[in-house]
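Predicted model, plus sequence, below.
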Amino acid sequence: MKKKALITGVTGQDGAYLAEFLLDKGYEVHGIKRRTSLFNTDRIDHLYQDPHELDQRFILHHGDMTDSSCLIRIMKQVQPDEVYNLAAQSHVAVSFEEPEYTADSDALGPLRLLEAIRLLGLEKKTRFYQASTSELYGEVQETPQTETTPFYPRSPYAVAKLYAYWITVNYREAYGIYACNGILFNHESPIRGETFVTRKITRALARIKLGLQECLFLGNMDAKRDWGHAKDYVEMQWLMLQQEKPEDFVIATGVQYSVRDFVNAAGKELGINISWKGNGIDEKGYDASGKCIVAVDQRYFRPTEVETLLGDPGKAKEKLGWAPKISFRELVAEMASEDLKAAERDELVKNHGYKTMDYHE
Amino acid sequence: MAKRALICGVSGQDGGYLAQLLLAKGYEVFGTSRDAQISPFQNLSLLGIKDQVRCESMSLNDFRSVIQVLINVEPDEVYNLAGQSSVGLSFQQPVEALESICIGTLNLLEAIRLTGKSVKLYNAGSSECFGDVGDSQANEKTPFHPRSPYAVAKAAAFWEVANYREAYDLFACSGILFNHESPLRPDRFVTRKIISAVCRIAKENEGVIRLGNMDIKRDWGWAPEYVEAMWLMLQQEQPDDFVIATGETNSLQDFVATAFSCIGLDWQNHVETDSSLLRPTDLAVSKGDPQKALRVLGWKAKYKMKDVVKMMVDSDMA
């Protein structure tokens, strides 16, 4: 019989890649999406099937991580073999502005799902994956970070995710639920949210190249991150639920670059050679013609910064044979080329007299 | 002018003793409870200070009620002792544990930010955050490994406090308190349950007490002196987190044996084990290292487990 998976946060980057991955594996995939007045299914529209089709294998439900009863009802109806909890208020900077909502959806949300598993007597049937994050390491206590590195969260987002991490461990230990945390380091793709720094960079540089935007404003350019491709990482999420015993894993590439490195790499892919002048908040990046195209804007600094994150994916490799396939260079190239296509589309529209929006925050 | 303190969760054990301490230091003391109209504030009555503490209704889950009380009271110091306080109960009410502890602490931190006043905050952390420490003593640098919904919520609240201190320069501290007991503990806490049963057996000369795991080891201290450490933390130049413990660890069996020896009976004739009282996950050993508190705050526990048991028995028999 077909396995059933339930993905919360199916409209997000990881949700879209994971849904596609699981459909390819023959799963019946259920996804939960929030009701919004604007369409929010861009990333999964290519997977959408008309509900009137026979043998429908991709089914969306309206729901919200802040509503216990709807989560219980959906779980009861779907009776999933695997639950992937990818839903969250996933933006670190926004969590400083909306700390309580972040706690409600990112901490209380997974507790509601775990409680639904218990309440419906699904402890032996349903396996649970919790999307944990390298932000838990925050002010890092050792480098590189492994599954045993102590946490030091530095944002309301990270604190809420810390709760979710430990409640997942506790429900595994207390009630024998097959529940695990994937501690994912940054993972990007052409469908990464536009306000995350990598996507912001590739979008902006593509638009600057075509003259649709003047300048890219960034926060802390010295921040170092371990960037992988989301497509590689969703495979690991699935693998974690296929083992004999539930365990937590770090998912990372083991290589680190600064935000400035990312800007340079994206520039290179787009044929923009950036030269840097100045330091700190006065640092600026210039193109070959001497025009300032990158600058620092203090509004993007966070009240508490995470300076460096570097994961050690040794355990994933040793126990599950997993290693990332897509390199940093390939990741940046794919993102830059997709954003260039989007910018070209905007340029075309604009040249024909229609209005295009800039959409930068 | 007298300093003003606001004690959230004033009806509990620590709230009572802290109110007593602060009144003795000349503070104006305000206390909160979820419904100050119907809460009997027994502990404040027992301590004879009910008339001196001004009680307000406040639910930490409700942002409006938090900000309202902060604006009305204008405290210099806030002590957050509110929230679900039982590990056992948190397995039955995990959401309530999270809401009262995590969301509650977050509301308090946000409300303090919003008022923009220089309010000092003490947050009640818990040794339960450490989980099983094995042979080592937990100090302020020991990583957390929480083993109950209560402990997970307390761990998150600890980091909220640390983050708001670092991000917004709030004077906010967590005291990571190991078990601290007194006659004001409610009966659902095992220590109080044991003392009550022992005193009943002493009077009736017969009877048994049913306990879960007797092998668990804890560091038990005396609540009235632990509240002094809370106050000391807010009198420092810099906000910081501290482990508060006696530094001595004993098994529950030692605790039981000590209690029975206080009334001259052999515990082995009066104790039955009951596996239904076991928790889904529990800590085997909890051990604290209070050296930083001694070094920085000059605080040291005077009373160890044997003293605590004796004082609790004496109080119950009186």
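All right, it came through fine. Residues are numbered from 1 along each chain as shown, chains lettered A, B, ... in the order given.

which stretches of the chain aren't confidently modelled?
No chain in the question, so chain A it is. A:359-361 (pLDDT under 70).

Next, count neighbours for the residue in the stretch 201-318 of chain B that chain A sits nearest to.
Nearest to chain A, among the residues of the stretch 201-318 of chain B, is B:Pro280, at 3.5 Å (CB to the nearest CB). Using the backbone N, CA and C atoms, a C-beta is placed for each residue, glycine as well. Per other CB atoms under 10 Å in any protein chain shown, the neighbour tally for B:Pro280 reads 15.

Just to be sure, A:Tyr171 is in a helix?
Yes: per DSSP: H, G, I helix; E, B strand; the rest coil, A:Tyr171 lies within a helix segment.

That one and A:Ala179 touch, don't they?
Yes: counting by CB atoms under 8 Å, A:Tyr171 does reach A:Ala179; the two are 5.5 Å apart.

where do the contact lists of these two overlap?
Residues touching both A:Tyr171 and A:Ala179 by CB atoms under 8 Å, 6 or more residues apart in numbering or on different chains: A:Leu114, A:Phe128.

B:Leu109 - nearest residue in space that isn't next to it in sequence?
B:Tyr164 (4.5 Å; CB to CB, 6 or more residues apart in numbering or on different chains).

Quick check: pLDDT value at the one you found.
Looking at B:Tyr164, its pLDDT stands at 97.

neighbours around it, how many?
B:Tyr164: 26 neighbours (other CB under 10 Å).

So which elements touch the helix or strand hosting it?
Using DSSP states H and E, B:Tyr164 sits in helix B:149-168. Packing partners of helix B:149-168 (3 or more CB pairs under 8 Å, 6 or more residues apart in numbering or on different chains; DSSP states H and E): helix A:156-175, helix B:87-92, helix B:94-98, helix B:104-115, strand B:120-126, strand B:171-177.

What residues does the closest residue to the residue of the stretch 201-318 of chain B closest to chain A other than its chain neighbours make contact with?
Nearest non-adjacent residue to B:Pro280, counting by CB to CB, 6+ apart: A:Ala174, 3.5 Å away. Neighbouring residues of A:Ala174 by CB under 8 Å, 6+ apart: B:Phe91, B:Ser148, B:Pro280, B:Thr281.

Among the residues you listed, the buried ones, what's the ChimeraX command?
Restricted to buried positions by 16 or more other CB atoms under 10 Å in any protein chain shown, the ChimeraX selection for these reads:
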select /B:91,148,281
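
A:Ala116 falls within a helix, correct?
Yes: counting by three-state DSSP, A:Ala116 falls inside a helix.

and B:Asn198, how many residues sit next to it?
That one is not Asn; residue B:198 is Val. B:Val198: 27 neighbours (other CB under 10 Å).

ugh, wrong one, A:Ser37
The number of residues near A:Ser37, taken as other CB under 10 Å, comes to 5.

circling back: show me what counts as buried in the helix holding B:Tyr164.
For helix B:149-168, by 16+ other CB under 10 Å, it's B:149-167.

Likewise for stretch A:174-189?
Quick answer for stretch A:174-189 (16+ other CB under 10 Å): A:174, A:177-189.

What separation is there between A:Glu344 and A:Lys209?
10 Å (CB to CB, to the nearest Å).

right, I mislabeled it, should have said A:Asp104
A:Asp104 is 41 Å from A:Lys209, by CB to CB.

tell me the contacts of residue 233?
Just so you know, I chose chain A. A:Tyr233 touches A:Asp14, A:Gly182, A:Leu184, A:His187, A:Ile251, A:Pro324, counting by CB under 8 Å, 6+ apart.

switch to chain B, that's the one I care about
Applying CB under 8 Å, 6+ apart to B:Met233 gives the contacts B:Tyr122, B:Cys173, B:Gly175, B:Pro239, B:Asp240, B:Phe242, B:Leu297.

ok, and the most crowded of those residues?
B:Tyr122 leads the contacts of B:Met233 on contacts (other CB under 10 Å) with 28 neighbours.

Appreciated, that's everything.
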